[in-house]
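[1] Need a 3D model of the following:
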Amino acid sequence: MDSNRVFAGVDFSAGKTRLTVARLTPHLDIRSLTQQTPEEAAEDLASWAEVSVALAGPLRACRTEAADNSPIGEALRTGKRKRIRAAEAEHARRGIPVRKTPALESAAPAWMRSSFRLAGELAARGFSEGPAGRESPRAVLETHPAACAAVLLGRLPFGRETLEGRIQRQLALLRERVSLPDPMDALEELTAHHLLSGRLALDGIRRPDELDAILAAYTAWRAWSAPDAVTWLGDDAEGWICLPVKELMDKYSK
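    Here you go, the predicted structure:
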């Protein structure tokens, strides 16, 4: 395996102007885990000659032609007609909560616009995208961290902000050989005094945004290192979402 390639995952939930970026080595060691602005992230990711990047958000709005003067465009602008991307429909059909990508960028929440912005910056720097571009020296793909956790666990995970959800995701990544501390060690150190005083020493358990960034980075690694062991949902017209398993279950539940 190429020892020079970097595998990065980007989460957009840390704030309006900060992105959480995880970088893995080909051996699934964590090279770095930082927060950056979209501009800093674009410059940093583009500085690598060989890099695979997975964004925890869509690369662009659902239908750029929705702004035209056609009846469909008018209905989409006024909210009288709802569209859902093929990839998102496949998630919903399997019981995985879906984040609908709006037809117009202006209708997207701030975190999603940050994803559009970073994807555009990477495209302008020559990054290839989707299944066809995964073997390029510099590639970018879209993934869905909650779905990544679901398919690795075989069930819907607990909420990402909960302690149970954080432990669950970290254990799933640890099982995939990502170099992370065992979160159960942190639990073993808890005492009644810690709980009563409200001082929980949980440094060994990663934050939700960090875990989502690492899940994305792991998906980028798997798409490059084991291309037959991932699933791509979607199409060329509306975009692809990559998930880090070969086959999906018909339904995911708690």
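[2] quick one, strands of this structure?
    Remark: strands assigned in the chain by DSSP state E are 6-11, 19-24, 30-36, 51-55, 128-129, 138-142, 231-235, 239-243.
[3] next one: stretch 3-18 to chain centre, how far?
    9 Å (C-alpha atoms, centre = their mean, to the nearest Å).
[4] could you give me the average pLDDT of it?
    Mean pLDDT, computed over stretch 3-18, is 89.
[5] quick one: buried residues of that stretch?
    Arg5, Val6, Phe7, Ala8, Gly9, Val10, Asp11, Phe12, Ser13, Ala14, Arg18 (16 or more other C-beta atoms under 10 Å). Where C-beta positions appear, they are placed from N, C-alpha and C, glycine not excepted.
[6] out of these, which one sits closest to Leu28?
    Checking the buried residues of stretch 3-18 against Leu28 by C-beta to C-beta gives Phe7 as the nearest, at 8.4 Å.
[7] quick one, what contacts that closest one?
    Arg23, Leu24, Thr25, Pro26, Val51, Ser52, Ala54, Ala217, Tyr218, Ala220, Trp221, Trp224 (C-beta atoms under 8 Å, 6 or more residues apart in numbering).
[8] got it, and Gln168?
    Taking C-beta under 8 Å, 6+ apart as the test, what Gln168 contacts is Ala149, Leu153, Pro157, Phe158.
[9] Please verify my assumption that the second one contacts Gln170.
    No - distance between Leu153 and Gln170: 11.7 Å, which falls outside the contact criterion (C-beta atoms under 8 Å).
[10] what about those two, which has more around it?
    Shown here are Leu153 and Gln170; by other C-beta atoms under 10 Å, Gln170 has more neighbours (24 against 16).
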